[in-house]
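Peer 1: build me a structure from this.
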Amino acid sequence: MGIVWLPVLAFFVLLAYGLAVDLSLTLLTDAPDKGAVCLDGSPPGYYHRKGSTQPNKWIIYMKGGGYCADEMECVKRSFTDLGSSKKWPSTLSVSGFLSDDCTENPHFCGWSLAWIPYCDGGIYSGNVLHPVKVGTDTIYFRGIRVLDTVVGTLLTAGVSNAEHVVLTGSSAGGLSTYLHADRVRKMIPSNIPMHSLADAGYFIDAPNVNGEYVIQEHAKYAFNMQNSTGGMNQDCVAAYTKMNETWKCGLADYSYQYIKSPMFTLNSAYDTWQLHNTLQLGCLPPQCSAEQMKQFENYGKEFMAAVRPAIQSATNGVFIDSCVVHTQSTSSNSWKQFKVDNQTIEDTFYAWMTGNTAVYKSKVVDCAYPCNPTCSKPAISPDEVV
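Peer 2: So this is what the prediction gives:
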């Protein structure tokens, strides 16, 4: 009998520890009744995978994908998966921190996962009451309603009885993690521990190579276009209202100091998206001139100065590396292999989240580029939307 059952036993071991289980899509078809819609008016939704061994522990992940800086960009986006749910696939595969492979992701592989697609173009923050006409097209700015509706649905789906919740996101989803952590914390019952991991979301207000503050101008316009004031951290809004600069609450380097809930910052000091879009460097090492390398190095110093509040926080966690990458948590390569002070992102985040820092520190900061031998070559093109 033992010999007969060995293949069956082996199958279930592989199921638990080796074979990835796809996430399944749930569209919230009644969300439009609450005004919660994507850019094109289609319903939002989420992907879900029930945890194999710890189903009452939840990761809530917010997808990234940049933002649209004006109405015409938003119209174009409304015909893509970043602005419409009409062509979202029924299933989804993930990796890194979100993986259910316990070899790849031993601490979190058994957790339940809710993966929220990004379809509002405004960092889940906009709230314009009426549809917006752009030529012959109609778009909607309802990001904060989308977030509230999806999280509210997740509460009824099991999060309200969770043992632990991690809120996370990458790129624009990482920025959204900073901006909305306190809001989500208030929605989740106070007896449930919640920690946040913001991946590649620490976008800073810095000039480009010509001294122009391009990102600042884009951020201002998008903030006002989407009527994002009510969708931001309200402590931040209150502080900057006095200076008529509430748009600053849409950038991490201004809003970070107002976050009350526990936050872990994961970022490269040489983030490829920021190098391309904020600095507008026009290259990535080693294909840079001597002058471009000086600008590259200076930007790294600017970033480190801007992220100092996170580094100096007495309670929050940090993993800042010098790898020339954008997002890192959702790639098994960077999640498991990139190291600072001989510890991985996974080691550092888990030590911080659990408070168990006897072996691994909860805060590590890398030396300047190109000192880190664990970094791979740039993982994406600098202008790729993630």
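
Peer 1: quick one: residue 166 is in a strand?
Peer 2: Yes - when DSSP: H, G, I helix; E, B strand; the rest coil is applied, residue 166 is found to be in a strand.

Peer 1: what's opposite it in the beta bridge?
Peer 2: residue 59, residue 195 (DSSP bridges).

Peer 1: and it, how far is that from residue 56?
Peer 2: Applying CB to CB, to the nearest Å, the value for residue 166 to residue 56 is 13 Å. To be clear about C-beta, it is placed using only N, CA and C from the backbone, and glycine gets the same treatment.

Peer 1: higher neighbour count, the two?
Peer 2: Set side by side, residue 166 and residue 56 show more neighbours around residue 166, with 24 against 14, by other CB atoms under 10 Å.

Peer 1: pLDDT value on the more buried one, please?
Peer 2: pLDDT recorded at residue 166 is 98.

Peer 1: that one contacts residue 194, doesn't it?
Peer 2: Yes - if you go by CB atoms under 8 Å, residue 166 and residue 194 touch, sitting 7.4 Å apart.

Peer 1: quick one: contacts for residue 27?
Peer 2: Residues in contact with residue 27 (CB atoms under 8 Å, 6 or more residues apart in numbering) are 43, 44, 45, 85, 88.

Peer 1: from those, which is closest to residue 174?
Peer 2: Checking the contacts of residue 27 against residue 174 with CB to CB, the nearest one is residue 44 at 19.2 Å.

Peer 1: that closest one against residue 152, yeah?
Peer 2: No - look at residue 44 against residue 152 with CB under 8 Å: they stay out of range, at 11.5 Å.

Peer 1: neighbour-wise, which of the two wins?
Peer 2: Comparing residue 44 with residue 152 by neighbour count (other CB under 10 Å), the higher total belongs to residue 44, at 27 against 17.

Peer 1: first-to-last residue distance for stretch 85-95?
Peer 2: One end of stretch 85-95 to the other measures 22 Å (CA to CA, to the nearest Å).

Peer 1: just the buried residues of it, please?
Peer 2: 85, 88, 92, 94, 95 (16 or more other CB atoms under 10 Å).

Peer 1: just read off the phi/psi values of the third one.
Peer 2: Per-residue torsions, residue 92: phi -150, psi 140 (degrees, to the nearest 10).

Peer 1: circling back to that earlier point, now intersect the buried residues of stretch 85-95 with the strands, please.
Peer 2: residue 92 (DSSP state E).

Peer 1: as a markdown table, the buried residues of stretch 85-95 with pLDDT would be great.
Peer 2: Below are the buried residues of stretch 85-95 laid out as a markdown table (pLDDT from 0 to 100):
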| residue | pLDDT |
| --- | --- |
| 85 | 98 |
| 88 | 98 |
| 92 | 96 |
| 94 | 97 |
| 95 | 96 |
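
Peer 1: mind listing what residue 137 touches?
Peer 2: By CB under 8 Å, 6+ apart, the contact set of residue 137 is 75, 78.

Peer 1: and it, what pLDDT?
Peer 2: 98.

Peer 1: distance check, it against residue 101.
Peer 2: Applying CB to CB to residue 137 and residue 101 gives a distance of 42 Å.

Peer 1: now the helices for the protein?
Peer 2: 2-17, 71-77, 143-156, 172-187, 214-225, 234-241, 252-255, 272-277, 290-306, 308-312, 332-337, 345-354 (DSSP state H).

Peer 1: include mean pLDDT when you put those helices into a markdown table, please.
Peer 2: Below are the helices of the chain laid out as a markdown table (pLDDT from 0 to 100):
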| stretch | mean pLDDT |
| --- | --- |
| helix 2-17 | 35 |
| helix 71-77 | 98 |
| helix 143-156 | 98 |
| helix 172-187 | 98 |
| helix 214-225 | 96 |
| helix 234-241 | 96 |
| helix 252-255 | 96 |
| helix 272-277 | 97 |
| helix 290-306 | 98 |
| helix 308-312 | 98 |
| helix 332-337 | 93 |
| helix 345-354 | 97 |
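
Peer 1: out of those, which comes closest to residue 63?
Peer 2: helix 172-187 (5.2 Å).

Peer 1: pLDDT weak spots in the stretch 1-150 of the chain?
Peer 2: 1-20 (pLDDT under 70).

Peer 1: the helices of the chain into a markdown table, with extra columns for distance to residue 124?
Peer 2: Below are these laid out as a markdown table (distance: least, CB to CB, whole Å):
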| stretch | distance to residue 124 |
| --- | --- |
| helix 2-17 | 33 |
| helix 71-77 | 14 |
| helix 143-156 | 4 |
| helix 172-187 | 5 |
| helix 214-225 | 13 |
| helix 234-241 | 15 |
| helix 252-255 | 14 |
| helix 272-277 | 18 |
| helix 290-306 | 22 |
| helix 308-312 | 21 |
| helix 332-337 | 24 |
| helix 345-354 | 22 |
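
Peer 1: closest one to residue 365 among these?
Peer 2: Judged by CB to CB, the one of those that comes nearest to residue 365 is helix 308-312, at 6.1 Å.

Peer 1: quick check: buried residues in that closest one?
Peer 2: Neighbour-count burial for helix 308-312, with 16+ other CB under 10 Å as criterion, is recorded at residue 310.

Peer 1: other SSEs contacting that helix?
Peer 2: Packing partners of helix 308-312 (3 or more CB pairs under 8 Å, 6 or more residues apart in numbering; DSSP states H and E): strand 317-321.

Peer 1: burial measure for residue 96, as a count.
Peer 2: Here the number of neighbours of residue 96 (other CB under 10 Å) works out to 23.

Peer 1: please apply the same query to the one 4 residues further on.
Peer 2: For residue 100, the neighbour count with other CB under 10 Å is 28.

Peer 1: can we start the residue count at 34 from this point?
Peer 2: Right, with 34 as the first residue, what we last looked at is residue 133.
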